[in-house]
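Novice: Model the structure of this input:
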Amino acid sequence: MPLSDRDYYRDNFRGSPKPPQPKRSLSGCGCLLTVIVVVIMLVIIVGVLSDYQNSNYHTSPPTSPTPSPKPPPVQTPEPEPIPVPTPSTPPPAPEPEPKPAPTPTPTEKPTAPLEELPSITKEVSQSTEVITRQYTWTYKGEWTWEGTISQSLYEYYQGIPRLPTQNYSVYVTHPLDDIYIEHIVEKIQEAALEAGFSKYETVEFAASFVQSLPYTDDSITTPYDEYPRYPIETLVDKGGDCEDTSILLASIIEKMGYGVVLIELPHHCAVGVKGGENVYGTYWEYEGSKYYYMETTGEGWEIGQLPEEYTNMSASIFPMIPTPILTHDWSIEGKGNVGELEVTVYNLGTATAYNVSVLAGFDAGENKIWNGQQSDYFQIRPDHQVTITLNLRVPLDKHTRLIVQIGIDNNLVDESHSEWTDT
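Specialist: The predicted model follows:
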C-alpha cells in the first residue's frame, strides 16, 4: 500500500542520526555564553522546521485511502419476452377439467320474473267460416250427428308444431277446443238420456262414436311418419291412427266428468277409464285406482277388452294434467376463440314451465363438457318462447362438438348437438 504524504514527511523528518560529536566542556562565562548561543540557535532551528512542516503538510490536498474493490454486480438475466396477442387472437388459457353435463339444481340460481313473451302460434282469427262434418255410427242402433267447426280454429291447430313427446295428454289438455268438446259431450249425453243408457253405457256410447272414425296412417295422410292430431283435427279429418282417436276419446270422457288416462303400449296407444268394483276386464293400476282398457281403433270394442296382441305388455300411463313441453333451436357465431350462442326455447305444452335453464358446452366424453355455461332460471308460458345468449370459449386442439341442453327442475327435457369437429 503506498504511503501518505504525512508518513513521507515523518520519515524525512526523522532522518538518519548524525554522527556523534566529541563532547566539550564549558567553563565560566564562556560556558554560559556558549549555552545561550546554543539555546538561541535551537529555538531558531525549531521555528524554521515548524514552518516548514506546516507548509509541507498543506501544499497538496489529502488523498483519500484507496477503497477496497467492490464485487461486480450480479447480472440478473432478462426475462423472456411475452408475445402481446392481437385482439383477434387472444392468448389461450389452460383448458379446465371438463364438468359433468347434467343440469344443476334449480335452487342454485334465481328465478326470473314471469313476463309477457312472444307467442309461438298466431292468434285464432275471428273468421266466421265453418267446416261441416256428418258422422254415422252404431251402438245399440244407428246414430248420426252433424257438427260444425270453426275453420280458423282448425287452421290454428294445424299451425302448431308437433310436440317432441310421447305424453299425448298435452293434446287433450289444450284449452282452445274445450267449447267444441263440451258441445259434443252435451249432444252425446242428451242422446244417451233419451235412449235410457246407464252411465256405463253412456261411456261405451261415446267410445263407439270415436271407434267409427276410419283408421288412417300418418305417412299416407300427412307428410310425416308420425303426426299426432289435436281433437279438432281428428274431427275435421274424420279419422286418424291410434293416438289420434285415443286423444279425441280421452278429451270427451274427461269432459263427461270421468277419470281417464292415456295408455302407451309399445307401438300403440289406447285409453284407460277409471272404474269401480262393478267393472270387469283388463286394467292398469295408477295412483291407487284401476283404469280399464278402452280400444279406439275399430268398432265394437268394450270397456276392459284388450286385443290379444297386447296381452302381458307393460305400458306407460299419462293422466290428463296440463304439462309444459319444451323444445329449442340455436345458432352460434364465432368471435376469435369465443362463440356467441343464441338459444331459443319454446313451450309447446299446456302449462307454464318453471325453473327452466339452458346448459351448453363442448363434449369431453364420459358425460362431461368443456367450458360449460349455464343460464339463469326462467319461466315460459304455454305457446311462448324465450331467447338466451351464452358466450362460450372454444377449447383448443380438441375433437369435440357443441352440446345444448334444456332442463326443468334438474331434469333434462331436451338436448341437441352440433357435428363433431377439430378445434
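
Novice: residues in contact with Lys140?
Specialist: 195, 197, 201, 205 (CB atoms under 8 Å, 6 or more residues apart in numbering). Quick note: C-beta positions are derived from backbone N, CA and C, even for glycine.

Novice: got the residues you listed as CSV, with distance to Ser375, neighbour count and pLDDT columns?
Specialist: Shown next, in CSV, are the contacts of Lys140 (distance: CB to CB, whole Å; neighbours: other CB atoms under 10 Å; pLDDT from 0 to 100):
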residue, distance to Ser375, neighbour count, pLDDT
Ala195, 58, 14, 96
Phe197, 55, 18, 97
Glu201, 54, 15, 97
Phe205, 51, 20, 98
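
Novice: For the residue most central in space within the chain, what is the enclosing helix or strand?
Specialist: In the chain, the centroid-proximal residue (CA atoms, centre = their mean) is Leu359; its distance is 1.8 Å. Leu359 is located in strand 353-365, with elements delineated by DSSP states H and E.

Novice: Neighbouring strands of that strand in the sheet, and parallel or not?
Specialist: Here strand 353-365 is paired, per DSSP bridges, with strand 368-374 (antiparallel), strand 378-380 (antiparallel), strand 402-408 (antiparallel).

Novice: Pull out the buried positions in that strand.
Specialist: 353, 355-364 (16 or more other CB atoms under 10 Å).

Novice: Give the rounded mean pLDDT of it.
Specialist: The average pLDDT within strand 353-365 is 96.

Novice: likewise stretch 210-230?
Specialist: Throughout stretch 210-230, pLDDT has a mean value of 85.

Novice: Residues touching that stretch, excluding its own?
Specialist: Contacts of stretch 210-230 (CB under 8 Å, 6+ apart): 135-138, 157, 160, 162-163, 168, 171, 174, 177, 234, 237-245, 247-249, 252, 295-301.

Novice: looking at this, Val345 is in a helix?
Specialist: No - looking at Val345 with DSSP: H, G, I helix; E, B strand; the rest coil, it is strand, so not inside a helix.

Novice: What's opposite it in the beta bridge?
Specialist: Assigned bridge partners for Val345, using DSSP bridges, are His328, Val386.

Novice: how close does it get to Pro175?
Specialist: 21 Å (CB to CB, to the nearest Å).

Novice: More neighbours: those two, which one.
Specialist: Between Val345 and Pro175, Val345 has the larger neighbour count (other CB atoms under 10 Å), namely 25 against 9.

Novice: measure that one to Asp178 for me?
Specialist: 27 Å.

Novice: And Ile160, by the same measure?
Specialist: Distance, Ile160 to Asp178, using CB to CB: 16 Å.

Novice: which of the two has more neighbours?
Specialist: Neighbour totals were compared for Ile160 and Asp178, and Ile160 leads with 17 against 13 (other CB under 10 Å).

Novice: In terms of residue numbering, what are the domains of this protein?
Specialist: For the chain, the structural domains run 99-115+324-422, 130-159+168-319, going by automatic domain parsing.

Novice: Could you export those domains as CSV, including distance to Met41?
Specialist: Compiled in CSV, those are given as follows (distance: least, CB to CB, whole Å):
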stretch, distance to Met41
domain 99-115+324-422, 105
domain 130-159+168-319, 141
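
Novice: any idea which of those domains scores lowest on pLDDT?
Specialist: Mean pLDDT is lowest for domain 99-115+324-422 among those, at a mean of 86.

Novice: Please state the offset of it from the chain centre?
Specialist: Centroid separation for domain 99-115+324-422 versus its chain: 4 Å, with CA atoms, centre = their mean, to the nearest Å.

Novice: Stretch 277-297 now?
Specialist: With CA atoms, centre = their mean, you get 42 Å for stretch 277-297.

Novice: With Glu243 as the reference, measure out to the closest residue to Met313 other than its chain neighbours.
Specialist: Nearest-residue entry for Met313: Leu265, 5.3 Å, with adjacent residues in sequence omitted and distances by CB to CB, 6 or more residues apart in numbering. According to CB to CB, Leu265 and Glu243 sit 11 Å apart.

Novice: between those two, who's got more neighbours?
Specialist: Counted by other CB under 10 Å, Leu265 and Glu243 do not tie: Glu243 has more neighbours, with 23 against 18.

Novice: A helix includes that one, no?
Specialist: Yes - if the criterion is three-state DSSP, then Glu243 is within a helix.

Novice: Can you give me the neighbour number for the closest residue to it other than its chain neighbours?
Specialist: Excluding its sequence neighbours, the residue lying closest to Glu243 (CB to CB, 6+ apart) is Cys269, at 4.2 Å. Cys269 has 24 neighbours, counted by other CB under 10 Å.

Novice: for Cys269, what are its contacts?
Specialist: By CB under 8 Å, 6+ apart, the contact list for Cys269 reads 168, 242-243, 246, 262-263.

Novice: what helix or strand is it on?
Specialist: strand 268-275.

Novice: Tell me the helix or strand right after that strand.
Specialist: strand 283-286.

Novice: How much space separates Ile317 from Leu262?
Specialist: Shown here: Ile317 relative to Leu262, a distance of 7 Å by CB to CB.
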